[in-house]
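Asks: only geometry, no sequence info:
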Ligand SMILES: C/C=C/C(=O)SCCNC(=O)CCNC(=O)[C@H](O)C(C)(C)COP(=O)(O)OP(=O)(O)OC[C@H]1O[C@@H](n2cnc3c(N)ncnc32)[C@H](O)[C@@H]1OP(=O)(O)O
Ligand SMILES: NC(=O)C1=CN([C@@H]2O[C@H](COP(=O)(O)OP(=O)(O)OC[C@H]3O[C@@H](n4cnc5c(N)ncnc54)[C@H](OP(=O)(O)O)[C@@H]3O)[C@@H](O)[C@H]2O)C=CC1
């Protein structure tokens, strides 16, 4: 690995040099173990501790197949899907690997007793498989996490609709929280030159997801002037949704849970902010009963902030806890777009407010190839910025995932894989200087 790192850090290394570098037989990777899937049985979700289930293992290098690339991972990031994997909820991810493994001879590689997790990376291409012409060893890249086979016509218009659609590093093996990752080459995108490795690795999954969910016509198709209610507006998804709303001329109404998070939203340029803790909304009277009076109180607060208007688009992901309120506060003809259910996937809402007011609920999941590319392009152009707050070593990934599970983090949490320290990999210092305040907005808070 040292030779690989030296090559990446030397400005003189050519593509031919990278292609000639010997690859190691094994590398370090963050894993969960198949024989530990029951380790948290009987515990409440909150008490399942990723520090116990995530391991740093030496694993063998996988075989490289057609249309694939092996990438030296300089940095990665923690996404909530890695939290789900680490607590084996709602399902153990080994079921996904087994199912994938049954689809082809090559896919069998993924069905292993360990799962290398992680759905973001920034790094350098080491090898490409047969049929890959667009990328070469030495290319500096980020990878989005959409893995598709594209053998069925169903995904040809929107690659998210491929029947064999998977999230890399969650429903496939050989993910990004490792020194080397295996991706399909069409996951690769150019690394934005003005960002360090860890900054470049931070936006990928959440930025692409927020782009489809909020901006794309496949999602809410946000337009100028829309009132957009953004739950968790300083979190992983929300910190990008807030930027998209502001950059697109919409009016974000940011929901957060502390004054510190409210300040972060203000510093991004948002003005309408609701501190759900300080204002004490209790949408559920007990485990089974919601309180419509609290939906109404929440809606009144939104009207105060918007000058009497209701919400055009709700950016939903907390799920059970908030969904009833989200449907209620949406204007006539408005849209609730959802990509997750962190607090529970069995939602309840009063359907009268949906049908009588002609509202729509849109399900959204990650982003298709084109949407992921467009979202990365906005990062590369300095229109949208990484929201990296804190960076951990690969050894401390369990702690990083614990922080995200316990909602102790801000924005995105990064992980250094091969990069020995933060700040490396910047190729365009002039552009960086132009955006340095925005790039650092979430750091160390
Ligand atoms: C980018 C980042 C994203 C995130 O972070 S998202 C958050 C993390 N992700 C999650 O929490 C989601 C985890 N995944 C799941 O929980 C499960 O993955 C799903 C619930 C999404 C799906 O479960 P499944 O077991 O795959 O689906 P089924 O439909 O319950 O079972 C499949 C079997 O059911 C058959 N089936 C499907 N549709 C129908 C139908 N309409 N009528 C009758 N049968 C149906 C299939 O064919 C198949 O059958 P056969 O088992 O025999 O192959
Ligand atoms: N389908 C897809 O493609 C994707 C789905 N996801 C899913 O989306 C969810 C959020 O991901 P991400 O944004 O990265 O996670 P984060 O934890 O970084 O941010 C989520 C934020 O939501 C807020 N929140 C959490 N629970 C509640 C609640 N019960 N009520 C109100 N607000 C709440 C918190 O903000 P605060 O405390 O300030 O209110 C939290 O910071 C996860 O379940 C994840 O798996 C993520 C990416 C892609």
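Replies: That came in fine, so what should we check first? Here the structure is a predicted model, which means the values were calculated and not measured. Ligands and ions are numbered 1, 2, ... in the order given.
Asks: Might you report the residue contacts of whichever residue of the stretch 51-200 of the chain sits closest to ligand 2?
Replies: Closest contact between the stretch 51-200 of the chain and ligand 2, by CB to the nearest ligand atom, is at residue 80 (3.4 Å). Any C-beta I mention is one placed from the backbone N, CA and C, and that applies to glycine too. By CB atoms under 8 Å, 6 or more residues apart in numbering, the residues touching residue 80 are 236, 340, 342, 404.
Asks: which residue packs closest to the second one, ignoring adjacent ones?
Replies: Nearest residue to residue 340, sequence neighbours excluded (CB to CB, 6 or more residues apart in numbering): residue 317, at 3.9 Å.
Asks: same deal with the third one?
Replies: In space, and not counting its chain neighbours, residue 342 is closest to residue 318: 5.3 Å by CB to CB, 6+ apart.
Asks: Ok, residue 420 next?
Replies: Nearest one to residue 420, counting by CB to CB, 6+ apart, is residue 5 at 7.4 Å.
Asks: how close does that neighbour get to ligand 1?
Replies: 29 Å (CB to the nearest ligand atom, to the nearest Å).
Asks: how about the helix or strand where that residue lies: buried residues?
Replies: For residue 5, the element it lies in under DSSP states H and E is helix 2-9. Of all the residues in helix 2-9, those buried under the rule 16 or more other CB atoms under 10 Å are 4, 5, 7, 8.
Asks: before we move on, what about stretch 384-404?
Replies: Neighbour-count burial for stretch 384-404 [16+ other CB under 10 Å]: 384-392, 394, 396-404.
Asks: and if you look at stretch 264-281?
Replies: In stretch 264-281, counting by 16+ other CB under 10 Å, buried: 264, 265, 268, 270, 272, 273, 274, 275, 276, 281.
Asks: which pair in these spans the largest distance?
Replies: 268 and 281 (22.5 Å; CB to CB).
Asks: how far does stretch 321-340 stretch from start to finish?
Replies: Distance across stretch 321-340, first residue to last, is 12 Å (CA to CA, to the nearest Å).
Asks: Regarding the closest residue to residue 406 other than its chain neighbours, what is its secondary structure?
Replies: Excluding its sequence neighbours, the residue lying closest to residue 406 (CB to CB, 6+ apart) is residue 46, at 7.7 Å. Assigned by DSSP: H, G, I helix; E, B strand; the rest coil, the conformation of residue 46 is helix.
Asks: For residue 46, grab the count of nearby residues.
Replies: 9 (other CB atoms under 10 Å).
Asks: What confidence value was assigned to it?
Replies: Residue 46 is assigned 96 on the pLDDT scale.
Asks: give me phi/psi at the residue of the stretch 51-200 of the chain closest to ligand 2?
Replies: phi -60, psi -30 (degrees, to the nearest 10).
Asks: for residue 238, same thing?
Replies: The phi/psi pair for residue 238 (degrees, to the nearest 10) is phi -60, psi -30.
Asks: Now for the nearest residue to it once chain neighbours are set aside, how many residues are close by?
Replies: Leaving aside its sequence neighbours, residue 238 sits nearest to residue 232 (CB to CB, 6+ apart; 4.1 Å). Look at residue 232: counted by other CB under 10 Å, it has 25 neighbours.
Asks: Residue 232 reaches residue 256, doesn't it?
Replies: Yes: counting by CB atoms under 8 Å, residue 232 touches residue 256, with 7.3 Å between them.
Asks: and the stretch 101-250 of the chain, which residues reach ligand 1?
Replies: 145, 167, 205, 209 (CB under 6 Å from any ligand atom).
Asks: ok, back up a step: would you reformat the buried residues of stretch 264-281 as a markdown table and include distance to ligand 1 and pLDDT?
Replies: Output for these, formatted as a markdown table (distance: CB to the nearest ligand atom, whole Å; pLDDT from 0 to 100):
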| residue | distance to ligand 1 | pLDDT |
| --- | --- | --- |
| 264 | 22 | 97 |
| 265 | 22 | 98 |
| 268 | 23 | 97 |
| 270 | 24 | 98 |
| 272 | 27 | 98 |
| 273 | 25 | 98 |
| 274 | 24 | 98 |
| 275 | 26 | 98 |
| 276 | 22 | 98 |
| 281 | 24 | 98 |
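Asks: quick one: which of the residues you listed sit in strands?
Replies: 272, 273, 274, 275 (DSSP state E).
Asks: ok, which of these also contact ligand 2?
Replies: Within those, nothing lies near ligand 2 by CB under 6 Å from any ligand atom.
Asks: what's the burial count for the nearest residue to residue 137 once chain neighbours are set aside?
Replies: Nearest in space to residue 137, with sequence neighbours left out and distances taken as CB to CB, 6+ apart, is residue 18 at 3.6 Å. With neighbours defined by other CB under 10 Å, the count for residue 18 comes to 20.
Asks: Pretty sure residue 18 sits in a helix.
Replies: Yes: counting by three-state DSSP, residue 18 falls inside a helix.
Asks: That one against residue 140, yeah?
Replies: No: under the criterion of CB under 8 Å, residue 18 is not in contact with residue 140, lying 10.8 Å apart.
Asks: overlap in contacts of those two?
Replies: Common contact partners of residue 18 and residue 140 (CB under 8 Å, 6+ apart): residue 124.
Asks: Which residue comes closest to residue 84 once chain neighbours are left out?
Replies: That would be residue 90: by CB to CB, 6+ apart, it lies 7.2 Å from residue 84.
Asks: returning to that earlier point: if we only consider the ones in strands among the buried residues of stretch 264-281, which is nearest to residue 336?
Replies: residue 274 (16.9 Å).
Asks: ok, that closest one touching residue 303?
Replies: No: at 11.8 Å, residue 274 does not count as touching residue 303 under the criterion of CB under 8 Å.
Asks: what does the stretch 251-400 of the chain have sitting close to ligand 2?
Replies: Counting by CB under 6 Å from any ligand atom, the stretch 251-400 of the chain sits next to ligand 2 at 255-257, 261, 276, 317-318, 321-322, 339-340, 342-343, 365-366.
Asks: Please repeat the previous calculation with a cut-off of 8 Å.
Replies: Contact residues, the stretch 251-400 of the chain versus ligand 2 (CB under 8 Å from any ligand atom): 255-258, 261, 276-277, 317-322, 339-343, 364-367.
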